[in-house]
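> only geometry, no sequence info:
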């Protein structure tokens, strides 16, 4: 069974800039583009990855945050996000939901406990923490 994932920028940043192993493992599994996991992105999601990486990469061990993002999305499927209005307090999170719906993602992986995780499930898309995603992948 193949899983289609949307990663929010918090997971990308955690994997790139910290030793958070669940984020890194989830990110790497998605980036590999194996038959088990497929990363789904959209132009606004990629723009958010680049913005967030550039903002957080100062002083980090990532010499080129844009190259990091381009490597990550190299095997990803890009879609046009569906219009979604679901997150009143932070409408920028709606693009992750719209990307997940347009890309027929099984999961949206996030650390956003305030806005995204409370919506689980959202129109058939599971919204989970990276550690939960890893547990689901291992349970296969």
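Received, thanks. For clarity, every value in this text was computed on a predicted model and none was experimentally measured. Residues are numbered from 1 along each chain as shown.
> for this structure, longest helix please?
helix 43-56 (DSSP state H).
> quick one: the next helix or strand after that helix to chain centroid distance?
Heading C-terminal from helix 43-56, the first helix or strand you meet, by DSSP states H and E, is helix 65-73. For helix 65-73, the distance from its own C-alpha centre to the chain's C-alpha centre is 13 Å (CA atoms, centre = their mean, to the nearest Å).
> in helix 65-73, what counts as buried?
65, 68, 69, 72, 73 (16 or more other CB atoms under 10 Å). The C-beta positions use only the backbone N, C-alpha and C, and glycine is treated the same way.
> other SSEs contacting it?
Packing partners of helix 65-73 (3 or more CB pairs under 8 Å, 6 or more residues apart in numbering; DSSP states H and E): helix 9-17, helix 21-32, strand 37-41, helix 43-56.
> parallel or antiparallel, list what pairs with the helix or strand just after that helix.
Following helix 65-73 in sequence order, the next helix or strand is strand 77-78 (DSSP H and E). Note on strand 77-78: by DSSP bridges, its sheet partners are strand 37-41 (parallel).
> what's the average pLDDT for the strand it pairs with?
On average, the pLDDT along strand 37-41 is 91.
> next: stretch 68-81.
Averaged over stretch 68-81, pLDDT sits at 90.
> ditto for stretch 132-140
The model assigns stretch 132-140 a mean pLDDT of 81.
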